[in-house]
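In: What shape does this take:
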Amino acid sequence: MRNLSKTDANLILQILIEECGYKVLDPRDGQAFVHSIIGKERATREYRFQGALGFGGKFRNNGNHENTPYVDCYQEDETPARNAMIAAANKRLAALFNSVSEASS
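Out: Just a heads-up that it's a prediction; the model follows:
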C-alpha cells in the first residue's frame, strides 16, 4: 500500500470526479474520501465511491499494479463506457504516481 498525503488524496478525488463521475453532493463526501485514504496506520485499502461505475466502483490502494493506486468495478458491472472511464482514470493515476516517484528519486 502506498502512503498517500492529503495533497495526493485531493488529486485522486479530482480524477474520480472528472473521469468516473464520482458525485460529491456534500463537501463532507469529499472530506470523508480524503481522510479515509491518507496516512499509514489507518488508511483504507479500498473505497467504494460508486459514481458512474455503479455500486461496485472502487478506488484501490492495495499494493497491486506496481503499488500504484487504481480504480475498478465489479466485473458484472463492466460496460464499454465504464471500461473507458476506468482506463482514463487509471492512466491519470499512473501518471500522477509515476511523476511523484520520479520527483522523489
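
In: Please enumerate the strands of this protein.
Out: With DSSP state E as the criterion, the chain has strands at 46-48, 58-60, 70-72.

In: Need these in JSON lines (columns: mean pLDDT).
Out: Shown next, in JSON lines, are those (pLDDT from 0 to 100):
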{"stretch": "strand 46-48", "mean pLDDT": "93"}
{"stretch": "strand 58-60", "mean pLDDT": "95"}
{"stretch": "strand 70-72", "mean pLDDT": "96"}
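
In: Just send the ones you listed back as a markdown table, with mean neighbour count and distance to Thr79 too.
Out: Every C-beta, even on glycine, is put in place using the N, C-alpha and C of the backbone. Shown next, in a markdown table, are the strands of the chain (neighbours: other Cβ atoms under 10 Å; distance: least, Cβ to Cβ, whole Å):
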| stretch | mean neighbour count | distance to Thr79 |
| --- | --- | --- |
| strand 46-48 | 15 | 18 |
| strand 58-60 | 21 | 16 |
| strand 70-72 | 22 | 13 |
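
In: Next, format these as TSV and append distance to Leu16.
Out: Shown next, in TSV, are the strands of the chain (distance: least, Cβ to Cβ, whole Å):
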stretch	distance to Leu16
strand 46-48	9
strand 58-60	6
strand 70-72	7
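
In: Any idea which of those gets closest to Leu11?
Out: strand 58-60 (12.1 Å; Cβ to Cβ).

In: Distance from the chain centre to stretch 53-73, please.
Out: For stretch 53-73, the gap between its own C-alpha mean and the chain's C-alpha mean amounts to 6 Å (Cα atoms, centre = their mean, to the nearest Å).

In: end-to-end on that stretch?
Out: 6 Å (Cα to Cα, to the nearest Å).

In: So which bits of that stretch are buried?
Out: Leu53, Gly57, Lys58, Phe59, Arg60, Asn61, Thr68, Pro69, Tyr70, Val71, Asp72, Cys73 (16 or more other Cβ atoms under 10 Å).
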